[in-house]
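Asks: need a structure here:
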Amino acid sequence: MKPTKPVILASTSPRRRELLAATGLMFTAVASPYKEVMPQSADPEELVIRFSREKARAVRDAFRNSIIIGADTVVALGNRVFGKPENPEDATDMLYSLQGRTHAVYTGITVLDTTDGKERSDVSRTNVTFAPLTREQIRAYHRKVSPFDKAGSYAIQEHAAAFTERIDGEFYTIVGLPVCRLREVLENFGIFLM
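Replies: Predicted coordinates:
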């Protein structure tokens, strides 16, 4: 069923745009002005819900009578939450912390109807296990893939298959938009992807 209102993706992430476009849903992607501030410690589920909600809310005044989708992704290893790296050393340290271990990737999604203020959020978690890596292997990977716009300093769909031993959960959560979970949330707004 075609949406009766314009759909706005509050993200300019190429990965999120590609995933949403693959569903056949017509939408417009815009940059959200909301800037996440990563706390020293936080519950990753609560964090991605909050960030996805704030990204959606930050563009609602510009898009009346629309459906807005916000999303945010973080990587967590135990109590430590990783956002995007700040510099090359930070990127290497992040990925080195994850090598040889299992970590969790959380993506939060929020759908907001600007007409009536209705809002629904959800979160998806996927566990990822990496093979052991040296710092030189990590630097070689970062020469192929820029880590700076990626939570945890890697992109699962960009050469990370070479060191990914196991994935438990929805693959698209790691990419940045859990499409199956989003489909379920959108149905609450009368938008059906199937």
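Asks: mind checking what helix or strand follows the lowest-mean-pLDDT helix or strand in the chain in sequence?
Replies: The least trusted helix or strand in the chain, going by mean pLDDT, DSSP states H and E, turns out to be strand 80-82, with a mean of 91. Under the assignment DSSP states H and E, the closest C-terminal helix or strand after strand 80-82 is helix 88-98.
Asks: rewinding a little: which residues sit against the least confident helix or strand of the chain?
Replies: The list of residues contacting strand 80-82 from outside it, by C-beta atoms under 8 Å, 6 or more residues apart in numbering, reads 38-39, 41-42, 44, 47, 74-76, 94, 97-98, 151-153. Placement of C-beta: from N, CA and C, glycine included.
Asks: now stretch 41-53
Replies: If you take C-beta under 8 Å, 6+ apart as the criterion, stretch 41-53 is touched by 34, 36, 39, 70-74, 76, 79-81, 104, 106-110, 112, 119, 121-123, 125.
Asks: longest helix of this protein, counting residues only.
Replies: The longest helix of the chain (DSSP state H) is helix 44-57.
Asks: can you pull out the low-pLDDT segments for the chain?
Replies: 1-2, 40 (pLDDT under 70).
Asks: just the helices from it, written as ranges.
Replies: Here the chain has its helices, by DSSP H, at 14-22, 44-57, 88-98, 135-144, 171-175, 179-187.
Asks: any idea how far the longest one is from the chain center?
Replies: So that's helix 44-57. Using C-alpha atoms, centre = their mean, to the nearest Å, the mean C-alpha position of helix 44-57 is found 10 Å from that of the whole chain.
Asks: export that helix to CSV, keeping only CA atoms.
Replies: The C-alpha coordinates for helix 44-57 follow below in CSV (Å, rounded to 0.1, in the frame of the first residue of the first chain):
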residue,chain,number,x,y,z
PRO,A,44,22.9,0.8,24.5
GLU,A,45,19.2,0.0,23.8
GLU,A,46,18.1,3.2,25.6
LEU,A,47,20.8,5.2,23.8
VAL,A,48,19.9,4.2,20.3
ILE,A,49,16.2,4.7,21.0
ARG,A,50,16.9,8.2,22.3
PHE,A,51,19.2,9.1,19.4
SER,A,52,16.8,7.8,16.8
ARG,A,53,13.9,9.6,18.4
GLU,A,54,15.8,12.9,18.6
LYS,A,55,17.0,12.6,15.0
ALA,A,56,13.4,12.2,13.9
ARG,A,57,12.1,15.0,16.1
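Asks: just checking, residue 171 touches residue 164?
Replies: No. Taking contact to mean C-beta atoms under 8 Å, the distance of 10.4 Å between residue 171 and residue 164 leaves them out of contact.
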